[in-house]
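> When you get a sec, could you give me coordinates for this:
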Amino acid sequence: MKCPFCNETDTRVLDSRAARDAATVRRRRQCTACSDRFTTMEKIEEEPLVVIKRDGRRELFDASKILKGLLLAGRKRNIPLARWEEVVENLEQELRSNYIREVPTDRIGDLILACLRDIDEVAYVRFASVFRQFPDVEAFMIALETMLSEKKAAASSRTGRAHSELK
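Sure thing, here's the model as predicted:
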């Protein structure tokens, strides 16, 4: 590692520890020539994740774009930024563990919608209206009715389980 003060390449590691995210190692180093100390961060070099757009274009995965979309969908809702960041972090982790290097945007959108359904229904509807690109109000209404019927079915199955547990 090159010393940032004198450009000497001979340095020694004084201390190593995991950073807060546990995916990075923080190293305290000392230059053998000038004795100055400095800190370096070591991180695993990940393969780039490429997103396949609907028109066939490919671009690098950008978590900030997803966060921006979630913030717009959840605008004026009482959802903390940390929750959205957690969704994005979990999404990226899911994509990296299940896809080699390329993932279609439709898969990303479906994963986001699955998370949003549990977080906030209004944010879900807002995100779905942009992601699904409904051609008209009727298609939008069909999607809303589907969501409501799924919600009712889930509620009735929970009620049924609660009754059977009481018996």
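
> Next, count neighbours for F127.
Per other C-beta atoms under 10 Å, the neighbour tally for F127 reads 22. The way it works is simple: take the backbone N, C-alpha and C, and place the C-beta from them, glycine included.

> Please parse the protein into its domains.
Annotated domains of the chain cover 11-43, 50-133 [automatic domain parsing].

> quick one: which of these is nearest A143?
Evaluated over the domains of the chain, closeness to A143 peaks at domain 50-133, with 6.3 Å, by C-beta to C-beta.

> about what we covered before: what would the domains of the chain look like in TSV with mean pLDDT and distance to F5?
Below are those laid out as TSV (pLDDT from 0 to 100; distance: least, C-beta to C-beta, whole Å):
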stretch	mean pLDDT	distance to F5
domain 11-43	89	5
domain 50-133	92	33
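
> Which stretch among those is buried most, on average?
Most buried of the domains of the chain, by mean neighbour count (mean count of other C-beta atoms under 10 Å): domain 50-133, with a mean of 15.

> Show me how far it is from its chain's centre.
Domain 50-133 has its C-alpha centroid displaced from the chain centroid by 7 Å (C-alpha atoms, centre = their mean, to the nearest Å).

> ends of that domain, how far apart?
22 Å (C-alpha to C-alpha, to the nearest Å).

> With distance to M147 added, can I get the domains of the chain in JSON lines?
JSON lines is the format used below for the domains of the chain (distance: least, C-beta to C-beta, whole Å):
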{"stretch": "domain 11-43", "distance to M147": "35"}
{"stretch": "domain 50-133", "distance to M147": "7"}
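
> Quick one: closest of those domains to M1.
That would be domain 11-43 among the domains of the chain, by C-beta to C-beta, at 4.9 Å.

> Give me the distance from the closest one to the chain's centre.
Relative to its parent chain, domain 11-43 has a centroid offset of 28 Å by C-alpha atoms, centre = their mean.

> What's the end-to-end length of it?
Domain 11-43: ends 19 Å apart by C-alpha to C-alpha.

> Kindly report the same for stretch 52-62.
End-to-end distance for stretch 52-62, by C-alpha to C-alpha: 12 Å.

> what sits up against it?
The set of residues external to stretch 52-62 that reach it, using C-beta atoms under 8 Å, 6 or more residues apart in numbering, is 48-51, 92, 95, 102-106.
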